[in-house]
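[1] using only what follows, build the 3D model:
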Amino acid sequence: RKSIAFSHTPGKSKRDSIGGKTTPNTTMLAPPSLKKSVTPRRTRNSNNNTFSDNHATIHHPILSLITGMLHKLFTTKGLERAETRSRISTFGISCLSQLPPMERGNLLRFVGEMCESKISSHRLLSVELIGQVLCQGWFWKDSGQSADWVFTPFSAFGEKASEDASGDGSATATPNTPSMILLAALQGRLTDKSPTVRTRAALSLSEVARKASVAQEENRNLDGTIIASHSTPSKLTDNEANIPSKALTVALCKIGTSLVDTLRHRASTDDRATVRKSSIVAWLQMLHLAHRENREEFVVSGLDISALCQLCNDPSVGTRKAAADALTKLVQANYHDNDSGASSLEVAWAHTVLPLVSDAEATCVMKAVEFFSTLVIEPIVELGQDTTMKLNDDDASRYYVAWRILAKLSNGSKEAGESRNASGSLITALQKLLVNAGKDAKSLAKNLFRAVYHVGGISLGLDRRSSLDSTMSHDDNLEENLFDLNTIAMRTGAWCLLDALTSCLNQNDTNS
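    This is a model prediction of the structure:
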């Protein structure tokens, strides 16, 4: 008889011996190759091997089985479908939260390497997973974060972010932590050759920045738990990495300058409308983060305002609406700022967002009218007869912003035609608001006339004691300086609104 060959049976080797004692062989499940032409084969003796000799540890066979199963699941077919990716990513995050730190790190390393795969669906799933991982509290609570267990070619982005954060041009000032490398991997996918991957990377960054902002505003951790009041500082510092939500905010701020530049460029130049729209959303979240944390290095600038103004005229309807929404929210976020940046935002809104009320697309017109009502009309109507008291409140900034925007409309250019210039856009917006008001149109017009009456009296210095109308608002402080910037803006804005209301009502009478 032929003897049975055991050539393929695992035998004893040096890897099975620890401290001179033989140990039972433990089967190691190798992860599937993502794409050999792009992702190099990972060997134990490689110089760039993430498994260093210090980490040579025998894994539990059950944990190895689970890890191998997740490797297979993350590279399965059908990842092009959003529903499939959603289920797999949800299941993967649930498994990651239960794995021990070493297996968790190995799996995250594999997810990072998926960003390099030649298969676009692998890259697509990886950016979704990374976006969700960065929003998990356990990721930030893992002790001893080191770049040993994560290595991708995008670590160069992390080094650039460290240089921007340190300001001294030295990448050694801030180490390449796993969080920085994963954020840099998302940033790297913003220039992916696949538009779907670029869109998904921008959306993931937007969600990460949004969750960080919400957690900071509500003084909560990423898992929703409330942070102790004694640990709530006015501004964040780099020494607060023990709190996940604050650690995420610090990491975003470190890479903020290069990330805002990349998102602005992608929103302005990408040939796909979906990429431009998603980049605007992520870009806006980063600008909000800079404003809240007072990060002057990437706070809203003239380049941002100019780019958003151009995007308000984008061929894509979704992009125009996203840009108009971004400008509106930036104006609201800068209510209490009186610097040139806030003034530039108000001018940009008056001359790029308001003209969208004459857009050819009905949904774009509805959005523009909604923004106009929120930013201008509602604060003015809210003033009512308590104008003097409300203008002296601490939260009076939004009232002044409404009048300043109306004042800036008086300088609108008439080169683009009657319906597209600033004053023509104001009349069109008022007409649409009155139509939408239906039976309440007369009440709305009456409230606007009353606001013009009271504000006009204050800005002109009319004294109610010498006036035939004893209900006119009166304030000695506001009348002392009739040429204060806010007083001038109220006076100009009131006359501009009165002219538009008169023209609008005259046109309605003519049509009727």
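
[2] contacting residues for G318?
    273-274, 277 (CB atoms under 8 Å, 6 or more residues apart in numbering). Using the backbone N, CA and C atoms, a C-beta is placed for each residue, glycine as well.

[3] does it sit in a helix, a strand or a coil?
    Using DSSP: H, G, I helix; E, B strand; the rest coil, the structure places G318 in helix.

[4] distance of it relative to V353?
    15 Å (CB to CB, to the nearest Å).

[5] out of the contacts of G318, who's the most crowded?
    Counting neighbours by other CB atoms under 10 Å, K277 comes out on top of the contacts of G318 with 24 neighbours.

[6] so where does that residue fall, helix or strand?
    Element membership for K277, per DSSP states H and E: helix 273-293.

[7] for the stretch 351-500 of the chain, give me the ranges with low pLDDT.
    384-395, 411-422, 459-483 (pLDDT under 70).

[8] tell me the pLDDT of E296.
    At E296, the predicted lDDT confidence score is 87.

[9] what of D270?
    pLDDT, D270: 95.

[10] let me see the contact set for the residue found closest to it once you drop the neighbours it is linked to in the chain.
    Leaving out its chain neighbours, the residue that sits closest to D270 by CB to CB, 6 or more residues apart in numbering is R276, at 5.2 Å. Residues in contact with R276 (CB under 8 Å, 6+ apart) are 266-268, 270, 311, 314, 316, 319, 322.

[11] packing partners of the helix or strand where M102 lies?
    Element membership of M102 [criterion: DSSP H and E] is helix 101-114. If you count contacts as 3 or more CB pairs under 8 Å, 6 or more residues apart in numbering; DSSP states H and E, helix 101-114 packs onto helix 61-74, helix 82-98, helix 120-133, helix 178-188.

[12] got the angle between the shortest one and helix 101-114?
    Helix 178-188 and helix 101-114 are oriented at 20 degrees to each other (axes from the mean of the first three to the mean of the last three CA atoms, to 10 degrees).

[13] which residue ranges form the helices in the stretch 351-500 of the chain?
    Assigned by DSSP state H, counting those that start in this stretch, the stretch 351-500 of the chain shows helices spanning 362-372, 378-383, 387-391, 397-409, 422-437, 441-460, 476-480, 485-511.

[14] helices or strands next to the longest one in the packing?
    The one in question is helix 485-511. By 3+ CB pairs under 8 Å, 6+ apart, helix 485-511 packs against helix 397-409, helix 422-437, helix 441-460.

[15] out of those, nearest to C115?
    Minimum separation from C115 across the helices and strands packed on helix 485-511 (CB to CB) falls at helix 397-409, 42.8 Å.

[16] re earlier: okay, the contacts of R276 in a markdown table with secondary structure, neighbour count and distance to T67 next?
    As requested, these are exported to a markdown table (DSSP: H, G, I helix; E, B strand; the rest coil; neighbours: other CB atoms under 10 Å; distance: CB to CB, whole Å):
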| residue | secondary structure | neighbour count | distance to T67 |
| --- | --- | --- | --- |
| R266 | helix | 23 | 34 |
| A267 | helix | 29 | 38 |
| S268 | helix | 18 | 42 |
| D270 | coil | 21 | 36 |
| L311 | helix | 24 | 44 |
| D314 | coil | 19 | 45 |
| S316 | coil | 16 | 42 |
| T319 | helix | 23 | 42 |
| A322 | helix | 26 | 40 |
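
[17] dump those into JSON lines; add distance to G92 as well.
    Compiled in JSON lines, the contacts of R276 are given as follows (distance: CB to CB, whole Å):
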{"residue": "R266", "distance to G92": "27"}
{"residue": "A267", "distance to G92": "30"}
{"residue": "S268", "distance to G92": "34"}
{"residue": "D270", "distance to G92": "29"}
{"residue": "L311", "distance to G92": "35"}
{"residue": "D314", "distance to G92": "36"}
{"residue": "S316", "distance to G92": "33"}
{"residue": "T319", "distance to G92": "32"}
{"residue": "A322", "distance to G92": "30"}
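
[18] which one of those residues is nearest to P195?
    Top of the list for closeness to P195, among these and by CB to CB, is D270 at 7.7 Å.

[19] my guess is that closest one meets T199, correct?
    No: contact criterion CB atoms under 8 Å: D270 and T199 do not qualify, at 9.3 Å.

[20] what's the local residue count around R87?
    Neighbour count of R87, defined by other CB under 10 Å: 12.

[21] per-residue pLDDT of it, please?
    Reported pLDDT for R87: 94.

[22] which of the helices and strands packed on helix 485-511 sits most buried?
    Counting by mean count of other CB atoms under 10 Å, helix 397-409 has the highest mean neighbour count of the helices and strands packed on helix 485-511, with a mean of 22.

[23] report the angle between that helix and helix 362-372.
    120 degrees.

[24] closest one of the contacts of R276 to E207?
    Among those, and counting by CB to CB, the member closest to E207 is A322, at 15.4 Å.
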